[in-house]
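In: Here's my sequence, what's the structure:
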Amino acid sequence: MATKTTHLSRTPRLYDRAGFMGSLGKLALAYSIWRERQHLATLDDALLKDIGKTRDEVEREANRPVWDAPARWFL
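Out: Numbering: from 1, shown residues only. Here you go, the predicted structure:
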C-alpha cells in the first residue's frame, strides 16, 4: 500500500533553510553597518576629536559600501 504525501509535508520549513536564515542575518548586518556609518557622519567635530577621527576620515567611512567591511564581521 502506497502512502500519500500531502503538499504541506513537502514544504520546507523556514528553520530548515539555513541558507535563507543566513541571508537574512547578512542583510541585517549590512543594514547595521550602513546605519552605524550614517550615524558616525552626524557626529559633531568635538565628538570626532574625542574619538580621534577627522571629518575627512568619517566622510570616507560613511561613503564606503556596506560590503566593504572586515570579513570577520560577516562570520
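In: Average pLDDT for the longest helix along the chain, rounded please.
Out: In the chain, taking DSSP state H as the definition, the longest helix is helix 18-41. Averaged over helix 18-41, pLDDT sits at 85.
In: Next, count neighbours for the nearest residue to Asp45 once chain neighbours are set aside.
Out: Excluding the flanking residues, the one nearest Asp45 by C-beta to C-beta, 6 or more residues apart in numbering is Arg55, at 6.5 Å. (Glycine included, C-beta is placed from N, CA and C.) Neighbourhood size, Arg55 [other C-beta atoms under 10 Å]: 13.
In: Pull out the buried positions in stretch 30-43.
Out: Within stretch 30-43, the residues that count as buried by 16 or more other C-beta atoms under 10 Å are Ala30, Ile33, Arg37, Leu40.
In: hmm, which two among those residues are most spread apart?
Out: With C-beta to C-beta as the measure, no two of these lie farther apart than Ala30 and Leu40, at 15.9 Å.
In: Not counting sequence-adjacent ones, nearest residue to Thr54?
Out: Spatial nearest neighbour of Thr54, excluding adjacent residues (C-beta to C-beta, 6+ apart): Leu48 at 6.8 Å.
In: To clarify, my last question referred to Leu43.
Out: Val58 is the one closest to Leu43 (C-beta to C-beta, 6+ apart), at 7.1 Å.
In: Surely the one you found and Leu48 touch.
Out: Yes - when contacts are counted by C-beta atoms under 8 Å, Val58 is listed as touching Leu48 (6.1 Å).
In: With neighbour numbers in mind, choose between those two.
Out: Val58 (19 against 16).
In: Name the residues that touch the host helix or strand of the more buried one?
Out: Counting by DSSP states H and E, the element that carries Val58 is helix 55-62. Around helix 55-62, the neighbours that count as contacts under C-beta atoms under 8 Å, 6 or more residues apart in numbering are Arg37, Gln38, Leu40, Ala41, Leu43, Asp45, Leu48.
In: For that helix, what does the pLDDT average out to?
Out: Mean pLDDT, helix 55-62: 95.
In: Output that helix as CSV - backbone C-alpha positions only.
Out: Provided in CSV are the C-alpha atoms of helix 55-62 (Å, rounded to 0.1, in the frame of the first residue of the first chain):
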residue,chain,number,x,y,z
ARG,A,55,35.9,64.9,9.4
ASP,A,56,37.6,63.6,6.2
GLU,A,57,38.1,60.2,7.7
VAL,A,58,34.5,60.0,8.8
GLU,A,59,33.2,61.1,5.4
ARG,A,60,35.3,58.4,3.7
GLU,A,61,34.0,55.8,6.1
ALA,A,62,30.4,56.9,5.7
